[in-house]
Structure formats: structure tokens, C-alpha cells
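Colleague: have a look at this fold, sequence not included:
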């Protein structure tokens, strides 16, 4: 049986450890696939507020001499939503790429949020902070800078609050057939300070609940709660390396 998530590339690194190459050619599907996606998307749009933006598709990746090279090309959110989330055409997926991070406060608590019911992907699952790469990365923004913007939008974490963002590998969520870069973020602020800052976050309503977990609470939390597979992989990866004293 295929696991819900899987580590594809095992590496520890910083911003210089990930190289992005962009292929400007848009992802190509057959006319029949495009027609089915458009019809399904149009039917959904009549009852839901959906925005068909640009996202980044992982065309290929390689790992050599400690450097992960990812080649991206543009795609549409409607294609990802219909093919990956709704899976209207089984076994045809977009390979849209995302990034997630486990924020660690200066008093050694991991921040995890319960995704709001209204979200299109992974609603009501507990997850670390994350986001799907979009035109910002396709236009030259680094994955690390993109992650910093997601932290700012979701939790109001400023760059000054961040000591470092470190990479833990490349994984995949097999439920949505979606690859993600796994990271952790070491914060310079305590949980009490972050709680105050979160109230001013732009996308704070993305989470219906926020928890601050001590390291020894994580195992039981993951067993008891519905946690996004890729978020669980990210946290487990962090703990694994922490135990090996590699962080």
C-alpha cells in the first residue's frame, strides 16, 4: 500500500541548497482534458468563490553535490484543483509544487494550525504553515523568500522574527499527488509574542485553531488528530534529525 506521504529526496540545507530553473512553456494537456477541466471548473464556480491563478508545476528534479535542482513550469490552479483535488480524470495529475515549514518558537514550541473548513485543499486538517508556488517563484522569487511571505500572511511573522529557514528534504503528499519542499523555521520570538502578532495576520482566518506543541507532545498529537500527511512528514523529519543532533 502506498503511504499517504513519502520522502523523495533526503537532504539538509539552506537557501543555497535549492536551485530553481524555470521553463516558461505552460503545461500542455490534450484538448479533451482541457475541455473536461473547464466544464467542471465552470460548474464549481457557480456555487463557490474560486480564483484560477497561476501555480508552479515541478517538471523535473535532481540532487547532486548537496544541491537540489528543481525545474518549474507554469500551470493553472483550475487544473490542479480539478485533476489533483477532485481527481476528475484518475491518474492524471499536475505535479504542482508547494513548500511547507514547521515554525519553532524560541521557547521550543512547534506551531501547527487547523485549516479552515472553507479552504479548497486539506480543509479541517492540522498542518504546518505552507503554500503552493505561484507566479512569484516563476518570476524569480526564491523558495525561501516565498516561505517567508507565507509566514507573514498566515501568522504575521516578520523577517526580523526569523533566525533561519532550513530545508529537510523533498516529499510528496500521495493523497493529492503533490510534491512539497519540507523546511523548518527557527524563530527568535517566544510563543507569547507570536500569539499577539498572529491577531494581525492577513490570512489568519486560514486557520480555525492554532496549537503550540512541546516536542514531547507531538507524537500523541499526530496520533489523535487528523493531520495533513505532508505536514506530519515535515514534523517527523524535523524530530528525526533533532534526535540525531543534526539540527
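Modeller: It's in. Just so it is clear, the model here is predicted, and its values are computed rather than measured. Numbering: from 1, shown residues only.
Colleague: quick one, strands of the chain?
Modeller: Applying DSSP state E to the chain gives strands spanning 5-9, 18-22, 54-64, 67-76, 98-104, 109-115, 126-127, 129-132, 162-173, 178-187, 207-214.
Colleague: where does the protein have low pLDDT?
Modeller: In the predicted model, the chain carries pLDDT under 70 at residues 1-2, 46-49, 119, 122, 246-247.
Colleague: let's see 90
Modeller: Counting by pLDDT under 90, the ranges of the chain that qualify are 1-3, 27, 43-52, 91, 115-125, 199-209, 241-247.
Colleague: contact partners for residue 71?
Modeller: Neighbour list for residue 71: 21-23, 58-61 [criterion: C-beta atoms under 8 Å, 6 or more residues apart in numbering]. Where C-beta positions appear, they are placed from N, C-alpha and C, glycine not excepted.
Colleague: before we move on, the earlier item: which one of the strands of the chain lies closest to residue 229?
Modeller: For the strands of the chain, distance to residue 229 was read as C-beta to C-beta. The smallest value, 3.7 Å, belongs to strand 5-9.
Colleague: and the closest one, what does it pack onto?
Modeller: Judged by 3 or more C-beta pairs under 8 Å, 6 or more residues apart in numbering; DSSP states H and E, the packing partners of strand 5-9 are strand 54-64, strand 162-173, helix 229-243.
Colleague: okay, now residue 231: neighbour count?
Modeller: 27 (other C-beta atoms under 10 Å).
Colleague: highest neighbour count among the contacts of residue 71?
Modeller: Note: the member of these with the most neighbours is residue 58, at 22 neighbours, neighbours being other C-beta under 10 Å.
Colleague: for that one, give its distance to residue 25.
Modeller: Residue 58 sits 14 Å away from residue 25, going by C-beta to C-beta, to the nearest Å.
Colleague: same deal with residue 84?
Modeller: Counting by C-beta to C-beta, the separation of residue 84 from residue 25 is 20 Å.
Colleague: who has more neighbours, the two?
Modeller: When residue 84 and residue 25 are compared for neighbours, residue 84 comes out ahead with 20 against 9, by other C-beta under 10 Å.
Colleague: my understanding was that the more buried one contacts residue 96; is that so?
Modeller: Yes. Assessed by C-beta atoms under 8 Å, residue 84 is found in contact with residue 96 at 6.6 Å.
Colleague: list the residues that are in contact with both of the two.
Modeller: Common contact partners of residue 84 and residue 96 (C-beta under 8 Å, 6+ apart): residue 178.
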